[in-house]
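Asks: here are the coordinates; sequence isn't available:
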């Protein structure tokens, strides 16, 4: 049943009635909040990882 909510086919599945918009909403509300686990990189951090010289 996981494939029905796959982002690549979700719109099609809702249009065909495989899953309802209500099912999608319920599924999204049931997902855990992982906001505190994200990593935000600055331009300088990305440049240093790629070996480019840092801006001064």
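Replies: Arrived safely. The structure displayed is predicted, hence computed values, not measured ones. Residues are numbered from 1 along each chain as shown.

Asks: ok, now which ones touch residue 4?
Replies: Residues in contact with residue 4, defined by C-beta atoms under 8 Å, 6 or more residues apart in numbering, are 10, 13, 18-19. (C-beta placed from N, C-alpha, C; glycine too.)

Asks: hmm, residue 14 is touching residue 27, no?
Replies: No. Applying C-beta atoms under 8 Å, one finds residue 14 not in contact with residue 27, separated by 11.5 Å.

Asks: can you tell me how far the residue nearest to the spatial centre of the chain sits from residue 39?
Replies: For the chain, the residue nearest the mean C-alpha position is residue 7 (8.9 Å; C-alpha atoms, centre = their mean). Distance of residue 7 to residue 39, computed by C-beta to C-beta, to the nearest Å: 21 Å.

Asks: report the buried residues of the helix or strand hosting residue 14.
Replies: Per DSSP states H and E: residue 14 is located in helix 10-16. Applying a neighbour-count criterion of 16 or more other C-beta atoms under 10 Å, one finds 10, 13 buried in helix 10-16.

Asks: what residues sit buried inside whatever helix or strand comes next after that helix?
Replies: Using DSSP H and E, the next helix or strand after helix 10-16 towards the C-terminus is helix 21-29. With burial defined by 16+ other C-beta under 10 Å, the residues of helix 21-29 counted as buried are residue 24.

Asks: what is the distance between the helix or strand encompassing residue 47 and the centre of its chain?
Replies: Using DSSP H and E, residue 47 falls within helix 43-49. Centroid separation for helix 43-49 versus its chain: 23 Å, with C-alpha atoms, centre = their mean, to the nearest Å.
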